[in-house]
Structures are given as C-alpha cells and as structure tokens.
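Chemist: Coordinates for the following, if possible.
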Amino acid sequence: MLIDLDITDIAVAQRVLQLQRLAYQQEAELIAYPDLPALRESLQQLQQCGERFLGWQEGDILLGALAFDAHATEVHICRLVVSPTASRTGIAKRLLGQLYLRADGRPLRVSTATANAPAVVLYTSQGFVLERESRLADGLRLSHFRRNGMAKPALAACRT
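Modeler: Residues are numbered from 1 along each chain as shown. Got it, this is the predicted structure:
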C-alpha cells in the first residue's frame, strides 16, 4: 500500500534508514563502490534532509521509499530504495507512478551510478532520457536523467 512518510517521526525515520541501508548496501556491492554516502547517513541527517517521502508498505513492513524535492519548475528524485527482498516486484514503478501524479506536469530529474544497470533500466523504461554523465573526483560515474512533465489531460467541454 502506498503511504506518505513523515520523516520527522523518529520511528518512521528509523524504518526508512534501515531500508535505505539494506538497499544501498546492495547497490554498493553491485557497482563495486563501498563508500556510497547514503550508507553513512545518520538518523539525524535523514530527518533533517528536507525531502518529502513516499513509501510502499505491505502489512507492517516498509518495502520501498522514494524521496523528492519539489520545486516550482521541476521535481528532483533524491532517493529511491526498495528492499532487496522485494526487488523486481514493481514497487519502484508504483512509487514513481505516484510521483508522476504529484509532479503536476513538472519535469522530473534523477541521477544514479552509471554502473547501476537495474536503476538505469528502470528509469529509461519509465520515459527518462539520459541528459549527461559526470564523474566524481574518486572516479564514480553518474548518469543524469530527465523525464519531461506530462500535461494534465484537458477536460472535455460539456454540451447541453
């Protein structure tokens, strides 16, 4: 079930942090980059990040989370994590689908490690287009994607 997450609530933040660490540990192993900054994020840093969070929960178990910053002209996806036990079950697509609705026609941007093939496939399958690549000082390559906003469908005129 899709839920809004109040990251300022310590119990919620602890659940998100636990999920994030599991997901980012899996990514770190996948891309052979053990020093992902998200693995070092503290509970306090997470609670003070200023991002808005959506979650996917089944029963009492948080299986996915998406955090974003909504600006006047675009929406930036800051993090999208899914429990390794729920990979490839459509949770990421469901979270993205909800974000498309909340973006209200604004374009979306996201960045991921170029070597993170599952994330690259996810974003490109959802209409994101590679804008550019960059390299961090330590050599990690990043891919930066954009998905143009979708205008809301016009309401049909009523005829009487």
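Chemist: And the lengthiest helix in the chain, what's buried?
Modeler: For the chain, the helix with the greatest residue count under DSSP state H is helix 10-31. Within helix 10-31, the residues scored as buried using 16 or more other Cβ atoms under 10 Å are 12-13, 15-17, 19-21, 23-24, 26-28, 31. Just so you know, the C-beta spots here come from the backbone N, C-alpha and C atoms, and that holds for glycine as well.
Chemist: From the chain's centroid, how far away is the very next helix or strand once past it?
Modeler: The element immediately downstream of helix 10-31 (helix or strand, assigned by DSSP states H and E) is helix 43-47. Centre-to-centre, helix 43-47 and its host chain are 17 Å apart (Cα atoms, centre = their mean, to the nearest Å).
Chemist: Tell me which residues of the helix or strand just after helix 43-47 come out buried.
Modeler: Using DSSP H and E, the helix or strand that follows helix 43-47 in sequence is strand 52-58. For strand 52-58, a neighbour-count test (16+ other Cβ under 10 Å) marks R52, F53, L54, G55, W56, Q57 as buried.
Chemist: Switch those over to CSV; also include distance to A103 and pLDDT.
Modeler: Formatted as CSV, those follow (distance: Cβ to Cβ, whole Å; pLDDT from 0 to 100):
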residue, distance to A103, pLDDT
R52, 12, 98
F53, 15, 98
L54, 12, 98
G55, 18, 98
W56, 18, 98
Q57, 22, 97
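Chemist: Same list (these) but as JSON lines, adding distance to I7.
Modeler: Output for the buried residues of strand 52-58, formatted as JSON lines (distance: Cβ to Cβ, whole Å):
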{"residue": "R52", "distance to I7": "8"}
{"residue": "F53", "distance to I7": "5"}
{"residue": "L54", "distance to I7": "11"}
{"residue": "G55", "distance to I7": "10"}
{"residue": "W56", "distance to I7": "15"}
{"residue": "Q57", "distance to I7": "15"}
